[in-house]
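**Student:** Model the following, please.
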Amino acid sequence: MEDSPFVYQFDVLQLGNMLRLYDSYTKRKEAFRPLQGKTVKMYNCGPTVYDFGHIGNLRSFLFSDVLRRYLEYRKYKVKQIMNITDVGHMVNDADAGEDKMSVAMRREGKGPEEVARFYEGKFFEDIRALSIRPAFKYPRATEHVPEMIKIVKKLLKRGHAYFVPEQGGGNSVYYDLSTFSSYGKLSGNKVEDLIAGARVEVAQGKRHPYDFALWIYKPAHMLKWPTPWGAGYPGWHLECSAMSMKYLGETLDIHTGGEDNKFPHHECEIAQSEGATGKQFSRFWLHAKHLLVDGKKMSKSLGNFYTLRDLMGKGYSAREIRYVLISTHYREQLNFTLQSLDAAKSALGRVDEFVEKLHNPPQPSLTLREGAKRVLPLRVRGSERGLRALVARARRDFIAAMDDDLNVSKALSILFGFVREVNREVSGASSQVSVLERKEITKLLQEFDEVLGLGIGARKKTAIPAEITMLGQKREEARKNKDWKLADELRQTIKDRGFEIEDTSNGPRVKDTASS
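**Tutor:** Next comes the predicted model:
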């Protein structure tokens with residue numbers, strides 16, 4: 001019996017501002033540094049392209065994106081690989097049942113290539129809409145079968161795998177878990193308590209009920225490849241080992257996925273990768289927790305199953321959806337509701353309003369009094385030193401929050417707290433915000449957005465047409481004459497044309513509702 005010789009932890013270094021991540025293997029926060037220099041080798045379990053991705057899938061992808069963004073913010077170079085599973089993933093995420101691609105092919109009456117490429121395209125549309133940074137590579141399982149076969153050969157040679165003869169003269173190949181006593185340490189499962197998981201209908205040849213399939217001999221399957229032991233297709237777990245090690249080497253820095261991937265998928269990856277190489281497979285394992293929808297498990301039968309397209313069809317933006325899906329700490333259960341999207345729209349609007357007032361020149365005053373002065377949107381009460389101190393403190397607190405296992409919820413509170421504090425410094429005093437102050441505030445907001453990816457300040461300022469400005473002036477004249485009926489009618493006319501009047505302490509202001 002061969003045990004895993006690796007200790008899954010990283011020395012805790014007492015260096016200020018060190019990133020600490022919760023490692024699912026050691027079950028504690030560990031100080032993170034990459035194995036080699038400043039390059040982080042990260043692998044993320046990607047989509048199975050047999051259907052549209054749902055918001056639970058998207059939360060996992062977004063968590064990986066925020067992790068990657070923060071590592072890059074901390075000046076690491078991230079080599080990120082995310083796989084495309086287009087064969088071998090069973091419908092129940094174990095070793096029994098039907099391949100998900102087979103289900104989709106039967107459902108849609110299409111071939112495997114047509115199904116896979118269609119939903120792969122929809123996956124890329126989703127991640128572009130959500131501002132997820134593209135990975136270094138998105139390898140497809142069907143294009144890496146030779147690498148999988150090489151791993152199976154190594155496992156057979158090292159005594160970790162064995163053949164199971166099947167009807168038709170070929171063989172399936174199973175991993176012998178009795179040769180890897182560390183199996184179960186990631187998920188906390190005990191091998192003796194595991195239920196059998198065969199990827200083939202006849203499993204009498206298995207040595208142990210918990211051994212898992214590396215290769216499935218099934219000549220009738222539409223997707224199959226020749227091997228020395230018979231035509232078939234790879235097990236789902238084998239794909240990730242082959243593709244991650246091809247592009248990132250035999251030891252990864254970080255491997256991520258949803259918490260449902262812990263068992264059996266990631267447990268099997270560890271066993272087969274370390275069994276084949278004799279090296280530690282991944283130094284850190286990070287998992288995003290399941291989400292609920294309206295307090296319940298997401299289900300089509302309950303009517304609470306959402307894809308990105310479903311939510312955008314209800315009028316929500318991808319930006320608002322991203323905000324909600326990253327706003328709860330990745331290891332905490334997120335309760336997704338439509339009301340949370342409404343709150344996200346309001347929250348982002350407040351930040352956008354702040355950025356707009358900070359940068360955009362004021363619209364001409366709508367008051368008709370002669371000699372009326374243009375009112376600058378931002379004037380400061382405090383000193384330049386005071387605002388710069390706010391910037392420095394917010395940056396420090398933001399980094400501390402993200403260093404603490406990517407505490408995005410706290411980081412967001414720091415962002416909004418910063419906006420509130422700066423607004424408190426802004427008043428109608430005589431001194432306006434200096435160029436230097438604007439530059440410092442803008443730089444900090446850009447840093448926040450580099451990590452969060454929320455498009456902070458991304459609203460486009462629309463020029464207010466002269467006719468709208470004229471209608472606003474007429475409304476102001478009606479208000480001055482206390483003709484409230486006419487004022488309301490003019491306000492509605494302006495709104496019908498895509499603009500609105502905001503009555504502020506500095507007088508009325510015209511806004512484009514499309515950018516609100």
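**Student:** use CA for all of it now, contacts and neighbours both
**Tutor:** Will do.
**Student:** quick one, helices of the stretch 351-500 of the chain?
**Tutor:** Assigned by DSSP state H, counting those that start in this stretch, the stretch 351-500 of the chain shows helices spanning 384-403, 408-425, 435-452, 466-480, 484-496.
**Student:** Pull the distance from the longest one to the chain's centre.
**Tutor:** By that I understand helix 384-403. On the basis of CA atoms, centre = their mean, to the nearest Å, helix 384-403 sits 25 Å off its chain's mean C-alpha point.
**Student:** any idea of the angle that helix forms with helix 435-452?
**Tutor:** Helix 384-403 and helix 435-452 are oriented at 10 degrees to each other (axes from the mean of the first three to the mean of the last three CA atoms, to 10 degrees).
**Student:** ok, now the second one?
**Tutor:** Compare the direction of helix 408-425 with that of helix 435-452 by the same axes, to 10 degrees and you get 160 degrees.
**Student:** what's the average pLDDT for helix 408-425?
**Tutor:** For helix 408-425, mean pLDDT rounds to 93.
**Student:** buried sites along that helix?
**Tutor:** Residues 408, 410, 411, 412, 414, 415, 418, 419, 422, 425 are the ones in helix 408-425 that count as buried (16 or more other CA atoms under 10 Å).
**Student:** For those residues, give me JSON lines that also has distance to residue 108.
**Tutor:** Below are those laid out as JSON lines (distance: CA to CA, whole Å):
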{"residue": "408", "distance to residue 108": "40"}
{"residue": "410", "distance to residue 108": "44"}
{"residue": "411", "distance to residue 108": "44"}
{"residue": "412", "distance to residue 108": "42"}
{"residue": "414", "distance to residue 108": "48"}
{"residue": "415", "distance to residue 108": "46"}
{"residue": "418", "distance to residue 108": "51"}
{"residue": "419", "distance to residue 108": "50"}
{"residue": "422", "distance to residue 108": "55"}
{"residue": "425", "distance to residue 108": "60"}
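**Student:** which of these lies closest to residue 336?
**Tutor:** When these are ranked by distance to residue 336 (CA to CA), residue 408 comes first, at 16.2 Å.
**Student:** how about low-confidence regions in the stretch 101-250 of the chain?
**Tutor:** Residue ranges of the stretch 101-250 of the chain with pLDDT under 70: 192-204.
**Student:** Helices of that one, start to end?
**Tutor:** Ranges of helices in the stretch 101-250 of the chain, per DSSP H, counting those that start in this stretch, are 112-129, 145-157, 236-248.
**Student:** Of all those, which one is nearest residue 292?
**Tutor:** helix 112-129 (20.3 Å).
**Student:** Tabulate the CA atom coordinates of the closest one in CSV.
**Tutor:** Provided in CSV are the C-alpha atoms of helix 112-129 (Å, rounded to 0.1, in the frame of the first residue of the first chain):
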residue,chain,number,x,y,z
PRO,A,112,-21.8,15.5,-30.1
GLU,A,113,-19.7,18.1,-31.9
GLU,A,114,-22.7,20.3,-32.7
VAL,A,115,-24.0,20.1,-29.1
ALA,A,116,-20.6,20.8,-27.5
ARG,A,117,-19.6,23.7,-29.7
PHE,A,118,-23.0,25.4,-29.4
TYR,A,119,-23.0,25.3,-25.6
GLU,A,120,-19.3,26.1,-25.5
GLY,A,121,-20.1,29.3,-27.4
LYS,A,122,-22.8,30.2,-24.9
PHE,A,123,-20.3,29.7,-22.1
PHE,A,124,-17.9,32.1,-23.6
GLU,A,125,-20.8,34.6,-24.2
ASP,A,126,-21.6,34.4,-20.5
ILE,A,127,-18.1,34.9,-19.2
ARG,A,128,-17.5,37.9,-21.6
ALA,A,129,-20.8,39.5,-20.4
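**Student:** Would you mind giving the helices of the stretch 351-500 of the chain as JSON lines with distance to residue 186 added?
**Tutor:** Shown next, in JSON lines, are the helices of the stretch 351-500 of the chain (distance: least, CA to CA, whole Å):
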{"stretch": "helix 384-403", "distance to residue 186": "23"}
{"stretch": "helix 408-425", "distance to residue 186": "25"}
{"stretch": "helix 435-452", "distance to residue 186": "29"}
{"stretch": "helix 466-480", "distance to residue 186": "63"}
{"stretch": "helix 484-496", "distance to residue 186": "57"}
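**Student:** so the residue nearest in space to the middle of the chain is in which element?
**Tutor:** Against the mean C-alpha coordinate of the chain, by CA atoms, centre = their mean, the closest residue is residue 62 at 0.5 Å. Secondary structure from DSSP states H and E places residue 62 in helix 55-73.
**Student:** I'd like to know which elements that helix is packed against.
**Tutor:** Judged by 3 or more CA pairs under 8 Å, 6 or more residues apart in numbering; DSSP states H and E, helix 55-73 is in contact with strand 77-82, strand 252-258, strand 282-288, helix 318-327, helix 435-452.
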